[in-house]
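J.: sequence first, predicted coordinates after that:
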Amino acid sequence: MQEPAKGPLAGIRIVEFIGLGPAPFAAMQFADMGADVIRIARPGATPALPDPISGRGRPTVEADLKSPGDVEAVRKLVDHADALIEGFRPGVMERLGLGPEPLFERNPRLVYGRMTGWGQSGPLSAQAGHDINFIAITGALAAIGPAERPLPPLNLVGDFGGGAMFLVSGMLAALVCAQRNGTGQVVDSAICDGTIQLMTMAHDMAAAGHWRAEREANLLDGGAPYYGTYECADGVHIAVGPIEPQFFELFREAIGLSEDAHLLRADPRNWPALRDNIATLIRTRKSTEWLALLEHSDACVSPVLDLYEAAEHPHLVARQSFVELDGITQPAPAPRFSATPTQARARPRDLLSLADAIQAWTGK
């Protein structure tokens, strides 16, 4: 086993059944925060997608979940766990004899985290799907992209925002509850549910009459000319976001926009013309010139960086927002804790046997 981790979740034990996307990402968050996480994998199985980063910080145990002996050994491991994470279709864990009910009988304080796209119930719960499908029914996909067609925002909104992070927050709440009253529970984290929660601000705006259903017609979807990206003379884009009037005034004056721009920005009917004016002015200089002038001001202008460039940005370097681990530059743990710092830990290279995992947690 690894050296005991430090962090706000040090001492918490979690069994993770290896899956795809949001479930291992959630487990990584727990491991970064100091939880002792053990991954359960099928013998000889390799990840469908490479996970040298999202698989960090926890050892892997192989278990044949069709073998009664291995299933019983996994149950013994779960007996000494605080929580469990699984991301299979509804009913799979029950068929394996590892569903919530038999595990609660043995470990009543267990927090049972379930990560799915559609949730444990509902007409679509048994259907296959991916991030794009889960966010399509929530209103999120329809709101993102150019006016001509919606564009999937990678899988950030569904898998990781609406899925993994709600699983983490839900399980943390359930762990607090279990520590108070000794009773565990199932945390049913559905990507579609979480994505709807992420859309709360859009629903706020809609309820106040400030939301239009078409894309590129609203404040934050590229409709407002003072919240979007612009191409510079060198073909590089910069991000522009001076929403507040005082910030827009700094931006307006710096790029040489006419004073009546404040009046134009107040009426969405003027937005296309104002956007064209801004685009024309931004194209007169290289991105480096604009950034030298505006990046360190309240004009709210930033470079649009790719994954590789981001790791070299001075602000992120200063905050150590990336770490080097196993020869890979990767995201550092977030958020940060003043008294119990988090730590990105390397993945153990050797498999751990079921017997060794049980012995490590039970001392037997």
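T.: Thanks, I have the structure now.
J.: tell me which residues in the longest helix anywhere in the chain are buried?
T.: Looking across the chain with DSSP state H, the single longest helix is helix 165-181. With burial defined by 16 or more other Cβ atoms under 10 Å, the residues of helix 165-181 counted as buried are 165-168, 170-172, 174-175, 178. Where you see a C-beta, it was placed from the backbone N, CA and C, and this is true even at glycine.
J.: what do you get for stretch 325-344?
T.: Buried-residue list, stretch 325-344, by 16+ other Cβ under 10 Å: 325, 332-333, 342, 344.
J.: in TSV: the buried residues of helix 165-181, plus pLDDT and distance to Thr284.
T.: Listed next are the buried residues of helix 165-181 as TSV, based on pLDDT from 0 to 100; distance: Cβ to Cβ, whole Å:
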residue	pLDDT	distance to Thr284
Met165	98	41
Phe166	98	45
Leu167	98	48
Val168	98	46
Gly170	98	50
Met171	98	52
Leu172	98	50
Ala174	98	56
Leu175	98	56
Ala178	98	61
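J.: what's the distance between the nearest residue to Leu220 once chain neighbours are set aside and Ala239?
T.: Sequence neighbours aside, Tyr227 is the residue nearest to Leu220 in space, at 6.0 Å (criterion: Cβ to Cβ, 6 or more residues apart in numbering). Distance, Tyr227 to Ala239, using Cβ to Cβ, to the nearest Å: 9 Å.
J.: for those two, indicate the residue with more neighbours.
T.: Using other Cβ atoms under 10 Å, the more surrounded residue of Tyr227 and Ala239 is Tyr227, with 17 against 14.
J.: that one touches Asn218, doesn't it?
T.: No: counting by Cβ atoms under 8 Å, Asn218 is not a contact partner of Tyr227; they are 9.3 Å apart.
J.: would you map the helices across the stretch 201-350 of the chain?
T.: 245-255, 261-265, 271-282, 287-294, 307-310, 314-318 (DSSP state H, counting those that start in this stretch).
J.: burial measure for Ile14, as a count.
T.: 25.
J.: quickly find the element holding it.
T.: Here Ile14 sits within strand 13-17, counting by DSSP states H and E.
J.: and that strand, how far out from the chain's middle?
T.: Remark: strand 13-17 is offset 19 Å from the chain centroid, using Cα atoms, centre = their mean, to the nearest Å.
J.: before we move on, the earlier item: closest to Arg13 out of the buried residues of helix 165-181?
T.: Lowest distance from Arg13 to the buried residues of helix 165-181 (Cβ to Cβ) belongs to Leu175, with 10.8 Å.
J.: any idea how far the closest one is from Arg252?
T.: Leu175 is 50 Å from Arg252, by Cβ to Cβ.
J.: confirm that Ala81 sits in a strand.
T.: No: secondary structure assignment places Ala81 outside any strand; it is coil (DSSP: H, G, I helix; E, B strand; the rest coil).
J.: re the thing from before, Throw the buried residues of helix 165-181 into CSV and include distance to Glu214, thanks.
T.: Output for those, formatted as CSV (distance: Cβ to Cβ, whole Å):
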residue, distance to Glu214
Met165, 29
Phe166, 28
Leu167, 33
Val168, 34
Gly170, 34
Met171, 38
Leu172, 38
Ala174, 40
Leu175, 43
Ala178, 46
